[in-house]
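>>> Give me the fold of what follows.
(chains A and B)
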Amino acid sequence: KNQVEQSPQSLIILEGKNCTLQCNYTVSPFSNLRWYKQDTGRGPVSLTIMTFSENTKSNGRYTATLDADTKQSSLHITASQLSDSASYICVVPNQAGTALIFGKGTTLSVSS
Amino acid sequence: GAGVSQSPSNKVTEKGKDVELRCDPISGHTALYWYRQSLGQGLEFLIYFQGNSAPDKSGLPSDRFSAERTGGSVSTLTIQRTQQEDSAVYLCASSLYAGETQYFGPGTRLLVL
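Below you'll find the model as predicted:
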C-alpha cells in the first residue's frame, strides 16, 4: 500500500476557477509534508513545506492545509492560470528521515 | 552552479548495454539523491548520499544499479546490462543538509530498446 495517496489522479478546470487537491499519508512518525509542482519535462519544484504544528500555509495563489490527526493535506489553487497546468506531488519523509516518499501526483490541466 | 544539472538529457540504448548518468548538484549541498520516475508513476527513491557517510542504497532495484559520488560533489548512476523496464526518467536532487528542501535537476530520459 502506498504511504502517500493523492486524489484526484487528474483534473481539468477552466482558467480562473479554483481547485483543491488531496493527499492522505500513513508515514509515521510525521515530521513534515511538502507539495511539489512538476512541469512537463522538468524536475519537481518545491511549493510549500508544512510542519506538524502548521495547519495552513500560503504561497501566492497556493494554500496548503494540514490535519496531522487525520493525516490529510490539501492544496488549494485560487484563480487558476494556464501556467498552473502541471503535476502536483505530495511528499512525506520516510521514517528514517533520509529520503522522501512521493505520491503519484495529481495532473492538473487548466484550459482557456 | 545555479541549479542541479544532469547529463545527458536523453539517452537511447540497446538492451544489455551499460549506461552512465551524471548529476552535478548545487555547490555546497551535502546531500544528493537519485530517483526514478516511470511513466504514470510517482518518483521512486533509489539512493542517497550524505557527506562522507556510507550511502543509503536501500532503493536500488537490483545489483545492476550502482552509484558513486566523487569528492562529495558530482555523482554518477550506472546501470549495467540495461533492460527495457529500466526505461524511465532518472532525477537527481540535492539539498544543503538531509531533510532540507530538495532541488531537482531536469532529469535524464532513458529509453532502452
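>>> burial of the residue of chain B found nearest chain A, as a residue count?
Distances from chain B to chain A, computed as C-beta to the nearest C-beta, single out B:F104 as the nearest residue at 3.0 Å. In short, each C-beta sits where N, CA and C put it, glycine included. As a burial measure, the neighbour count of B:F104 was computed by other C-beta atoms under 10 Å in any protein chain shown and equals 22.
>>> Wait, it touches B:S95, no?
No. Using C-beta atoms under 8 Å, B:F104 is not in contact with B:S95; the gap is 10.2 Å.
>>> thinking again about what came up before, which residue, other than its chain neighbours, is closest to the residue of chain B closest to chain A?
Leaving aside its chain neighbours, B:F104 sits nearest to A:G43 (3.0 Å; criterion: C-beta to C-beta, 6 or more residues apart in numbering or on different chains).
>>> go on, B:H29?
The shortest distance from B:H29 to any residue that is not its chain neighbour, by C-beta to C-beta, 6+ apart, is 3.8 Å, and that residue is B:S94.
>>> Bridged to that neighbour, which residues?
Beta-bridge pairing of B:S94, defined through DSSP bridges, involves B:L32, B:Y103.
>>> ok, it - contacts?
By C-beta atoms under 8 Å, 6 or more residues apart in numbering or on different chains, the contact set of B:S94 is B:4, B:23, B:25-26, B:29, B:31-33, B:102-103.
>>> what's the helix or strand for the residue of chain A found nearest chain B?
At 3.0 Å from chain B, A:G43 is the closest residue in chain A, using C-beta to the nearest C-beta. Assigned by DSSP states H and E, A:G43 belongs to no helix or strand.
>>> What values do phi and psi take at it?
Here the main-chain torsion angles of A:G43 (degrees, to the nearest 10) amount to phi -80, psi 160.
>>> Please list the residues of chain B that sit near chain A.
B:4, B:33, B:35, B:40-45, B:48, B:50, B:56, B:59, B:91, B:93, B:98-99, B:101-107 (C-beta under 8 Å from any C-beta of the partner chain).
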